[in-house]
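In: Let me see the structure of the following:
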Amino acid sequence: MSIRTFRSAATAAAVVAAAFSAVSASAAGAYHPAPNEAGATYHPDHASKRSRADIDSDLSSAMKQPAWNAASRGAPWPVAKTGEPKTREQVVAELDAAMKHPAWNSVSRGAPWPPVLNNPK
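Out: A predicted model of the protein is given here:
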């Protein structure tokens, strides 16, 4: 491979990399490239009024939470506990009532609960 061919290939790769980096950088803002004569579209819902420092401070405070390790891997963020916890007897009573429901057999195998009727007769 001659130096001239190598130089041409390197130049072409640099031009392509520059073009893609400009497109990916613009995707973070409110303006996105468009394939028409306007050249760009404006999405106001993509514009952020918060500074990067605010977002970084929110992220660092979230990372200090005990649930961050699981939540950062896709687990749901735990819901704050409200009210008094149920006793074992209350939970067993709710389970017994649910097991008496006619749809329990299919629901226990993964089917969704049937919709609640508004006018039961």
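In: what about the most centrally placed residue in the chain, distance to residue 61?
Out: When Cα atoms, centre = their mean is applied to the chain, the residue found nearest the centroid is residue 74 (8.5 Å). Plainly put, residue 74 is 20 Å away from residue 61 if you go by Cβ to Cβ, to the nearest Å. All C-beta spots, glycine's among them, are computed from the backbone N, C-alpha and C.
In: now swap in residue 70 and tell me
Out: Residue 70 is 17 Å from residue 61, by Cβ to Cβ.
In: Please save the CA atoms from stretch 33-49 in CSV.
Out: Coordinates of each C-alpha in stretch 33-49 appear next as CSV, following Å, rounded to 0.1, in the frame of the first residue of the first chain:
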residue,chain,number,x,y,z
PRO,A,33,-30.7,17.9,11.7
ALA,A,34,-33.5,17.4,9.2
PRO,A,35,-33.3,16.0,5.6
ASN,A,36,-35.1,18.9,4.0
GLU,A,37,-34.2,22.4,2.9
ALA,A,38,-34.8,23.8,6.4
GLY,A,39,-31.8,21.8,7.5
ALA,A,40,-32.9,21.5,11.2
THR,A,41,-35.9,21.0,13.3
TYR,A,42,-36.5,22.6,16.7
HIS,A,43,-37.8,20.4,19.6
PRO,A,44,-38.5,22.7,22.6
ASP,A,45,-39.1,19.7,24.9
HIS,A,46,-35.4,18.7,24.3
ALA,A,47,-34.1,22.0,25.6
SER,A,48,-32.9,22.0,29.1
LYS,A,49,-33.0,25.0,31.4
